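Chemist: take a look and give me a structure for this.
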Amino acid sequence: MNAKAEIEKIAAIPDLLSRALQLAGLLTRIFREAGWDLVVVGGAAVEFYTEGAYMSGDIDVCRTNLTPIPPRIAQDLIAQLDGTGGPRSWRVAGLYIDLLGLLENEAKSPCRKMETPYGEIAIAPAELMLVERILPAFYPRADAGALAIAKKFMAVCVSGATPVDWSEVERLAALPAFNILAETRALKREVAHALQSRKQAN
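Modeler: Predicted coordinates for the structure are as follows:
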């Protein structure tokens with residue numbers, strides 16, 4: 001496979017969600033072939049789960065291997081994608097890729113899998129990503145921008161477009177690491193009520 005030729009195709013995709021998905025697929029493939037498995041986290045995970053209702057503009061990934069990725073090797077791998085920058089953040093096909101380190105995953109639910117033209121990508125559990133988005137909406141202080149993102153993600157979860165295990169969401173929210181169970185429950189009720197009202201209005 002000529003990775004640079006594939007990057008040219010990806011860079012020409014006008015739809016940013018499709019471009020990000022395909023770039024994540026090619027990135028995952030390049031690193032997997034070199035011996036490291038990646039998981040999409042952060043805003044990009046929310047972007048993929050919400051099918052573009054929230055757009056992050058970058059792709060955050062973590063490795064699942066305990067063995068670190070040497071910066072020189074990371075640079076060489078990203079060079080296959082004609083990327084610029086480094087040693088942990090690059091610009092590729094008009095998007096930013098951030099390599100964040102070892103995956104921290106408090107969730108019991110598995111990573112989700114999504115198919116791309118370049119193979120399967122792994123996305124951090126939706127339950128964890130949802131709780132991580134709710135936290136900055138309320139702490140250390142109320143944040144309207146973060147709340148808007150949390151509501152968009154909660155809406156796709158409540159609607160069933162992104163299925164989640166609600167008992168796992170509550171378990172995570174109740175952990176000392178987050179401690180936002182009351183806020184999570186209240187936000188779920190608010191979003192569910194808004195969706196129901198919208199449905200009845202239509």
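Chemist: rest of the way, CA atoms for contacts and neighbours
Modeler: Noted.
Chemist: longest strand anywhere in this protein?
Modeler: When secondary structure is assigned using DSSP state E, the longest strand within the chain turns out to be strand 95-102.
Chemist: buried residues, that one. List them.
Modeler: Neighbour counts over strand 95-102 (16 or more other C-alpha atoms under 10 Å) mark 95-99, 101-102 as buried.
Chemist: so which elements touch the longest helix along the chain?
Modeler: Counting residues, the longest helix in the chain under DSSP state H turns out to be helix 181-201. Judged by 3 or more C-alpha pairs under 8 Å, 6 or more residues apart in numbering; DSSP states H and E, the packing partners of helix 181-201 are helix 126-138, helix 144-159, helix 166-174.
Chemist: show residues contacting it.
Modeler: Around helix 181-201, the neighbours that count as contacts under C-alpha atoms under 8 Å, 6 or more residues apart in numbering are 131, 134, 138, 151, 154-155, 158-159, 170, 173-174.
Chemist: what does stretch 90-105 contact?
Modeler: Residues lying outside stretch 90-105 but in contact with it, judged by C-alpha under 8 Å, 6+ apart, are 7-8, 10-11, 20, 23, 39, 57-66, 68, 78, 81-85, 88-89, 124, 128.
Chemist: again with stretch 153-169
Modeler: By C-alpha under 8 Å, 6+ apart, the residues outside stretch 153-169 that reach it are 46, 49-50, 107-109, 126-128, 130-131, 187-188, 191-192, 195.
Chemist: which one is the spatially most central residue of the chain nearest to, not counting chain neighbours?
Modeler: Compute the mean C-alpha point of the chain, and by C-alpha atoms, centre = their mean the closest residue is residue 45, 1.3 Å away. The shortest distance from residue 45 to any residue other than its chain neighbours is 6.0 Å, reached at residue 123 (C-alpha to C-alpha, 6 or more residues apart in numbering).
Chemist: buried stuff in stretch 83-90?
Modeler: So for stretch 83-90, counting by 16+ other C-alpha under 10 Å, buried means 83, 86, 89-90.
Chemist: what bits of the protein have low per-residue confidence?
Modeler: Screening the chain residue by residue with the criterion pLDDT under 70, one finds no matching range.
Chemist: can you pull the contacts of the spatially closest residue to residue 125 that is not a sequence neighbour?
Modeler: The shortest distance from residue 125 to any non-neighbouring residue, by C-alpha to C-alpha, 6+ apart, is to residue 111 (4.6 Å). By C-alpha under 8 Å, 6+ apart, the residues touching residue 111 are 39, 122-126.
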